[in-house]
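**Q** Prediction below, plus the sequence it came from.
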Amino acid sequence: MNVIKKVIQLSDGRTIEIETGKLAKQADGSAVVKMGGTMLLATVTAAKEVKEGTDFMPLTVDYKEKYYSAGRFPGGFMKREGKSSDYEILISRLIDRPIRPLWPDDFHLEVFVNVYLISAEKDIQPDALAGLAASCALASSNLPFGGPISEVRVARIGGEFKINPNFSEMADCDLDLMVAATEENIMMVEGEMNEVSEHDMLEAIKFAHEEIKKHCRVQKELITELGNDEKRDYPHDVEDEDLRKAVHEFCYDKCYAHAKSFKSKHEREDGFVAIKDEFLATIPEEELEEKTPLVERYYHAVEKEAMRNMILDEGIRLDGRVCNEVRPIWCEVDYLPCAHGSAIFTRGETQSLATVTLGTKLDMKEMDEVLIQDDQQFVLHYNFPPFATGEAKSQRGVGRREIGHGNLAMRALKPVIPMMPENPYAVRVVSDILESNGSSSMASVCGGCLALMDAGVQIRKPVAGVAMGLITDETRPNERYAILTDILGDEDHLGDMDFKVTGTADGITATQMDIKVDGLSYEVLEKALEQARQGRMHIMGEMMKTIDKPREDYKPFVPRIKSFEIAKDFIGAVIGKGGETIQKIQAETGAVINIDEVDGKGIVDIATNDAEAMQKAYDWIMGICAVPEVGETYHGKVVSCVEFGAFVEILPGKEGLLHISEIDWGKTEKVEDVLHEGDEVDVKLIEVDTKTGKLRLSRKALLPKPEGYVEPVRKPRPQGQGDRRGNNDRKPSGDRRNNNNDRKPRNDRPQHAHKSEKPAEE
């Protein structure tokens, strides 16, 4: 084995170790990255032949967390890892996006990158190491990858930037960015912030890049030690320079003129296809089959060149806008009469139907990852059906792109949504994209914000988002460029950078940035961020014309939630044995009840649309938690009658003895003469046994005392003897002997003792 190890020293004394040559040696490349007790194994394999018809880079990246890495069993019936979770897909995308642009344009072999979490220290965040692990595996291979890259998390904690902080440090951070880069260039940025300025975000990116440069230099040393400077050959595209020139000469001017015609999306697409077909018609029929794939490739390059030059030369875009202009916007709220909140946000040819659903804690999404177990109070789901772009095909589940776009929109809105205990609701926003021509994720942010305000969710501030693009002159990227506000789909595909920025009027809440050009300066990025801020504020102004603050109350059909605290000791009593008590309360009231223990207290949520049911459930629970007080009057219910009195339930689950002598001022011969099971009666609590907690009640204490009434002389009650439910002047209900001290204990009584003996009258 030729095992090579390298070490990256972080500024705070921590280290990252890289090892290759020990595991997964049959892969084209493999590496283990270790930090503390956390280890990730990354592998890369590439096909030997190109699949017929492939004219793109077929890269697949999968990140998987093994439950054994933290000594845990997977959940579910099968008890084994299954399909990737949303969390794993999001990390896979973070690896994929900076790697994908760094391959030769004519490299079309299938490449598979797999990153496994194989050991997990509880406090270390493994996602910050995944990009580095993938790059190390590529560096150890002989594939023509244009890296190396690395990826780090930069967080601002207590006003200071820190690289790859632990889980326990993240509670106090107001900026959380993942940054990927080569030694020379930033490739990708994604993260969330708590209304951070553009300047501060840019400083965080610079801070992260300085750390990434060290990682890249160590990987270059690794490549040299492995002797992988010579890269593997691969099947190259067949070229026909004469045909390339012919396509350019015939199509360029036509494409440029068509780009300036400012057609709608589908008219523009049809026009470009017509130009290509016009050129194909000039090729002899016997050569058409052979040359069509080459024409497709050459024509795409000409079309892209013409559109880019038109924007750079004339400062006018494909739909006739100037560079910093936002497309027309119209909005509507309360569109769906039965949804808890709804909004339509339309910007140009992009449209989102956003809805809000409010639920209880039982509706929260449960996360059960290897190192993260949590309930998500707020989720946002994004759907992109094929009809949104006019495609005629079926929709087969949720794709990775939809998960990524939904996550970005969720991070954008999360900082302004009130959480527990201020807001007891589970909140779900859904953005269904009904029409798309650029930046549907930002339409989801704007539509989601409007729908939240329509639902009456008291968001702290409105949030808007805008997608930006950049087109540069490849020879002078920092001198000749155009920054585009609110990009079209075509401008996204032909541009050198696309980035999305969301925020309130006071700062950024989330961002996602992908840079495809080398040598872009921070000065250009700074200008782009400022133009994005201006575009975002314009969009927010248009949104506020429709609704400028949350409604004061929820819709009538939204379940109301009453949230209150009870003592921790009463949680078990409210739930009951096997959930019997809480199920009974829910069955009889129709309310949904949830109880959690938080910080040593019981937090109870009652959800229902019925005010009477809400009050009944609340009173029931508070009755269970109430501590009976001597001298207080209670309205109770007779649950059973015995010869010496009646047992009355004065609070849920709390019964006391109403002795026959306490029923009335006069002598009561039989309990049934006055009370029957099921009767409701007012009683006063006159005694609580300090040892047993048993309760003595009186009805006569609440009745007027008859004139001339003489209180009978009572005999002293024997010590340590009382009735079975709380009256200390009686023995347990099964022991009906006279209350005389000279009688034998029960165990010494003859077995034939007469069962009809009654307690002595007092």
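**A** The structure has been received and is ready for your questions. The structure presented is a predicted model; accordingly, all values stated were derived computationally and were not measured. Numbering: from 1, shown residues only.
**Q** how about F279, secondary structure?
**A** helix (DSSP: H, G, I helix; E, B strand; the rest coil).
**Q** Please name the residues that touch it.
**A** A246, V247, F250, C251, V295, Y299 (Cβ atoms under 8 Å, 6 or more residues apart in numbering). C-beta here means a position set from N, CA and C on the backbone, and glycine is covered the same way.
**Q** any chance of those in TSV, with pLDDT too?
**A** Output for the contacts of F279, formatted as TSV (pLDDT from 0 to 100):
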residue	pLDDT
A246	95
V247	95
F250	95
C251	95
V295	93
Y299	94
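**Q** Closest to K213 out of those?
**A** The shortest approach to K213 among these belongs to Y299, at 39.5 Å (Cβ to Cβ).
**Q** and the residue nearest to that closest one when sequence neighbours are not counted, backbone torsions?
**A** Spatially, and ignoring its direct neighbours in sequence, Y299 is nearest to K276 (4.8 Å; Cβ to Cβ, 6 or more residues apart in numbering). Main-chain dihedrals, K276, degrees, to the nearest 10: phi -60, psi -40.
**Q** just use 693 as the starting number from now, easier for me
**A** Right, with 693 as the first residue, what we last looked at is K968.
**Q** neighbours around K968, how many?
**A** 22 (other Cβ atoms under 10 Å).
**Q** what's the answer for the one 4 residues further on, then?
**A** The tally of other residues near L972 (other Cβ under 10 Å) stands at 15.
**Q** Give the burial count for the nearest residue to it once chain neighbours are set aside, as a bare number.
**A** The shortest distance from L972 to any non-neighbouring residue, by Cβ to Cβ, 6+ apart, is to V987 (6.0 Å). By other Cβ under 10 Å, 21 other residues sit near V987.
**Q** Let me see the contact set for V987.
**A** So V987 contacts L935, V939, K968, F971, L972, I975 (Cβ under 8 Å, 6+ apart).
**Q** What values do phi and psi take at it?
**A** phi -60, psi -40.
**Q** Check G1270 too.
**A** Torsion angles, degrees, to the nearest 10, at G1270: phi 60, psi 20.
**Q** Likewise for V1108?
**A** According to degrees, to the nearest 10, V1108 has phi -100, psi 0.
**Q** Roughly how far does it sit from V724?
**A** Computed as Cβ to Cβ, to the nearest Å, the V1108 to V724 distance reads 41 Å.
**Q** just K743 next, same as before
**A** 31 Å.
**Q** Compare the two and say which is more crowded by neighbours.
**A** V724 (23 against 10).
**Q** Could you list every helix and strand in contact with whichever helix or strand A734 is part of?
**A** Assigned by DSSP states H and E, A734 belongs to strand 730-738. Packing contacts for strand 730-738, counted by 3 or more Cβ pairs under 8 Å, 6 or more residues apart in numbering; DSSP states H and E, involve strand 721-727, strand 803-811, helix 819-831.
**Q** Each with direction, which strands does the first one pair with?
**A** Take DSSP bridges as the rule and strand 721-727 pairs in its sheet with strand 707-712 (antiparallel), strand 730-738 (antiparallel).
**Q** the inter-axis angle of that strand versus helix 819-831?
**A** Angle, strand 721-727 to helix 819-831, by axes from the mean of the first three to the mean of the last three Cα atoms, to 10 degrees: 150 degrees.
**Q** quick one: contacts of strand 721-727?
**A** By Cβ under 8 Å, 6+ apart, the residues outside strand 721-727 that reach it are 706-712, 714-716, 731-736, 810-811, 816, 821, 824-825, 828-835, 856.
**Q** now the nearest residue to D1297 once chain neighbours are set aside: how far from D1055?
**A** Spatial nearest neighbour of D1297, chain neighbours left out: N1286 (4.6 Å); criterion: Cβ to Cβ, 6+ apart. From N1286 over to D1055 the distance is 10 Å, taken as Cβ to Cβ.
**Q** tell me the SS of A998?
**A** Here A998 is helix, with the state taken from three-state DSSP.
**Q** which non-adjacent residue is nearest it?
**A** Per Cβ to Cβ, 6+ apart, closest to A998 is C947, 3.6 Å.
**Q** Same question for Q1087.
**A** P1077 (5.2 Å).
**Q** before we move on, what about P985?
**A** Nearest non-adjacent residue to P985 (Cβ to Cβ, 6+ apart): D747, at 7.3 Å.
**Q** and if you look at R1388?
**A** Closest to R1388 by Cβ to Cβ, 6+ apart is E1379, at 4.0 Å.
**Q** ok, and for stretch 727-741, which residues are buried?
**A** M727, G728, T730, M731, L732, L733, A734, T735, V736, T737, A738 (16 or more other Cβ atoms under 10 Å).
**Q** pLDDT below threshold where in the stretch 1343-1454 of the chain?
**A** Residue ranges of the stretch 1343-1454 of the chain with pLDDT under 70: 1404-1454.
**Q** for it, what spans make up the helices?
**A** Counting by DSSP state H, counting those that start in this stretch, the stretch 1343-1454 of the chain forms no helices at all.
**Q** Repeat that for the chain.
**A** Under the criterion DSSP state H, the chain contains helices at 778-791, 819-831, 890-918, 933-951, 957-972, 977-1006, 1092-1105, 1132-1147, 1181-1186, 1214-1236, 1263-1267, 1272-1281, 1303-1317.
**Q** Run through the neighbouring helices and strands of the first one.
**A** Pointing back at helix 778-791 there. Packing partners of helix 778-791 (3+ Cβ pairs under 8 Å, 6+ apart): strand 751-757, strand 803-811, helix 819-831, strand 842-849, strand 865-873, strand 878-888, helix 1092-1105.
**Q** who wins for proximity to E1061 among these?
**A** By Cβ to Cβ (comparing all of these), the closest turns out to be strand 751-757, at 6.3 Å.
**Q** could you give the angle of that closest one to helix 1092-1105?
**A** 60 degrees.
**Q** Only alpha carbons, please: show strand 751-757 as PDB.
**A** Taking Å, rounded to 0.1, in the frame of the first residue of the first chain, the C-alpha atoms of strand 751-757 are listed here in PDB:
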ATOM      1  CA  LEU A 751     -21.800  14.000 -13.300                       C
ATOM      2  CA  THR A 752     -23.600  12.300 -10.400                       C
ATOM      3  CA  VAL A 753     -22.800  13.300  -6.800                       C
ATOM      4  CA  ASP A 754     -24.200  11.400  -3.800                       C
ATOM      5  CA  TYR A 755     -23.600  12.200  -0.100                       C
ATOM      6  CA  LYS A 756     -24.700   9.500   2.400                       C
ATOM      7  CA  GLU A 757     -24.500   9.400   6.100                       C
END
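**Q** so what does that strand touch, helix or strand wise?
**A** Contact partners of strand 751-757 among helices and strands, from 3+ Cβ pairs under 8 Å, 6+ apart: helix 778-791, strand 803-811, helix 819-831.
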